[in-house]
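1. sequence first, then the predicted structure, then my questions.
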Amino acid sequence: MAHGGSGIGRLDGRVIFCPGVIPGDVVRAEITDDSKKSLWRAQALSIVTPSPHRVPHIWPEADISRPVEERAGGADYGHIALPHQRELKTHILKDSLMRFGGISEDALLGVTVKGVPGDDEKNGLGWRTRVTLHADESGRLGPYAEKSHTVIPVKDLPLASDAIRSSGIVSTPFEGAHTVRALDTTGSGVRLVIDEQAPGDIVERVGQVEFHLSDQSFWQVHQSAPALLSDTVMRAIDPARLHADADNADLYSGVGLLGHAMAQVAGKEISLTAVESDERALSYVSRNLAGVAEVDPIAARVDRWISGKARDLAGEKAPWSRATIILDPPRSGAKAEVTTALASLGAGQIVYVACDPVALARDASALMKSGYTMVFLESWDLFPHTHHMETIATFVKDK
């Protein structure tokens with residue numbers, strides 16, 4: 001299985017990427033792109049012999065029995081038995097870290113992509129608290145087909161939370177609309193965001209803590225993710241290396257969820273710089289961390305801000321050696337500009353929250369080449385029935 005949701009087949013020395021299949025399947029497929037000499041792309045048309053891990057798709061509108069252009073996107077592992085999905089993700093995570101990160105297989109013994117407690121009982125359904133749908137010309141809602149802007153009207157949203165599924169959103173016409181987002185919040189009920197409507201405030205609760213944010217700001221999608229990631233980040237931080245008065249930073253901070261987790265480890269108010277390019281999200285950080293962190297909110301792109309900081313402090317030796325840094329970049333990863341700057345600043349402890357294993361592996365390689373050691377690694381299946389996963393890793397500077 002390749003990272004990204006496609007199975008890998010081989011024909012006459014060529015590699016063929018084909019979504020909708022599993023290792024062990026024998027399929028009838030159509031070549032859709034043969035422009036490259038050694039790598040072709042295909043679409044499965046039918047199953048000749050199924051893998052023992054193939055199950056009926058959790059979403060009929062995404063099943064292989066439908067023509068490719070009429071298959072709903074958004075559940076690219078929905079035809080795979082849930083336990084086997086995690087086996088495939090574990091293999092992809094380890095392969096990525098070895099291939100792109102240069103990490104030895106021995107160092108990854110025991111690493112698995114773990115299921116979220118409670119997901120197995122529901123067969124990995126009903127976890128999405130954020131759903132984006134699109135309207136066709138008649139106002140019927142549905143996802144796009146994979147790698148397309150064709151709207152596929154659907155009768156149900158099996159991955160969506162019970163509150164979103166029972167809201168009647170897919171049976172309600174939205175004439176004249178283009179995009180409708182449904183949010184199931186823990187403190188503000190179900191909220192719809194239609195096209196470019198004015199943003200409104202919502203509340204999300206994580207345990208006993210309330211987070212205020214905009215209904216158009218990022219929030220973790222799995223209903224258990226905010227609490228689970230907060231707990232994992234707290235375990236990923238070495239409290240002996242966390243100094244409340246250091247130049248601690250929450251990079252790509254969002255509304256401060258993980259910065260709050262860092263402060264919980266310290267057990268007292270910490271100094272924290274929160275850097276976030278979404279000014280709307282950043283405007284909530286100080287409120288959300290009031291009493292646990294003295295926040296310096298910075299509205300900027302992380303790569304530009306951290307590079308500037310590294311230039312400003314270039315004459316000092318390891319000015320951030322006492323600092324703990326949370327790094328939660330987008331799917332593309334932090335990339336070289338950020339990792340180089342962090343290394344030059346000598347950041348003492350970096351907790352990296354990754355939604356893409358290849359991006360994590362490349363950034364991990366850069367950090368380790370700069371003298372860091374990976375001392376913590378944990379991965380969670382926060383996106384059942386899709387190829388995505390979330391991985392948390394901690395890197396410390398060798399002394």
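-> On my side now, so go ahead.
2. how far does stretch 306-322 sit from its chain's centre?
-> Here stretch 306-322 is found 29 Å from its chain centre; the criterion is Cα atoms, centre = their mean, to the nearest Å.
3. residues of that stretch that come out buried?
-> Ile306, Ser307, Lys309, Ala310, Leu313, Pro319, Trp320, Ser321, Arg322 (16 or more other Cβ atoms under 10 Å). Heads up, the C-betas are built off the backbone N, CA and C, glycines and all.
4. farthest pair in those?
-> Ser307 and Arg322 (21.0 Å; Cβ to Cβ).
5. extract the CA atoms of the longest helix belonging to the chain and return them as CSV.
-> Longest helix in the chain, counting residues (DSSP state H): helix 82-99. Below are the C-alpha coordinates for helix 82-99, written out as CSV (Å, rounded to 0.1, in the frame of the first residue of the first chain):
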residue,chain,number,x,y,z
LEU,A,82,-10.8,-1.7,10.3
PRO,A,83,-8.1,-3.7,12.1
HIS,A,84,-6.3,-4.2,8.7
GLN,A,85,-6.5,-0.5,8.0
ARG,A,86,-4.3,0.1,11.0
GLU,A,87,-1.9,-2.6,10.0
LEU,A,88,-1.5,-0.9,6.6
LYS,A,89,-1.0,2.5,8.3
THR,A,90,1.5,1.1,10.6
HIS,A,91,3.5,-0.3,7.7
ILE,A,92,3.3,3.0,5.9
LEU,A,93,4.4,5.0,9.0
LYS,A,94,7.4,2.7,9.6
ASP,A,95,8.3,2.6,5.9
SER,A,96,8.2,6.4,5.7
LEU,A,97,10.3,6.9,8.7
MET,A,98,12.9,4.4,7.5
ARG,A,99,12.9,5.5,3.8
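6. name the surrounding residues that touch it.
-> 1-3, 22-23, 53, 77, 80, 103-105, 108, 111-115, 119-120, 123-124, 357-358, 360-361, 364, 379, 381, 384-385, 387, 389, 391 (Cβ atoms under 8 Å, 6 or more residues apart in numbering).
7. any regions of the chain where pLDDT drops low?
-> Judged by pLDDT under 70, the chain has its weakly predicted residues at 399.
8. in it, which spans are helices?
-> 82-99, 162-165, 225-236, 257-266, 279-282, 285-288, 302-312, 335-345, 357-369.
9. so which of those helices is the most packed in?
-> Of all the helices of the chain, helix 257-266 carries the top mean neighbour count, a mean of 24, counting by mean count of other Cβ atoms under 10 Å.
10. list the contacts of it.
-> 206, 209, 211, 219-220, 226, 229-231, 233-234, 237, 239, 242, 244, 248, 250, 253, 269-270, 272, 274, 285, 288-289, 292-293, 295, 324, 326, 328, 351, 353.
11. same check, this time on stretch 388-396
-> Contact partners of stretch 388-396, identified using Cβ under 8 Å, 6+ apart, comprise 89, 92-93, 113, 225, 229, 232-233, 236-238, 241, 348-355, 357, 360, 364, 367-368, 372-383.
12. contacts only, for Pro56.
-> Pro56 neighbours (Cβ under 8 Å, 6+ apart): Asp63, His79.
13. Val26 too?
-> When contacts are counted by Cβ under 8 Å, 6+ apart, Val26 touches Ile47, Val48, Thr49.
14. which among the residues you listed gets closest to Asp156?
-> Closest to Asp156, out of all of these and judged by Cβ to Cβ, is Ile47, at 23.2 Å.
15. residues near the closest one, how many?
-> Other residues near Ile47 number 18, with proximity taken as other Cβ atoms under 10 Å.
16. same question, the one 10 residues further on
-> Using other Cβ under 10 Å, His57 is surrounded by 22 other residues.
17. ok, for it, nearest residue in space, not its chain neighbours?
-> Asp63 (4.1 Å; Cβ to Cβ, 6 or more residues apart in numbering).
18. that neighbour and Arg71 touch, don't they?
-> Yes - using Cβ atoms under 8 Å, Asp63 makes contact with Arg71 at a distance of 7.2 Å.
19. among the two, which residue is more densely surrounded?
-> Arg71 (25 against 15).
20. Gly78 versus that one, what's the distance?
-> 10 Å (Cβ to Cβ, to the nearest Å).
21. and what of Thr132?
-> From Thr132 over to Gly78 the distance is 17 Å, taken as Cβ to Cβ.
22. good, wrapping up.
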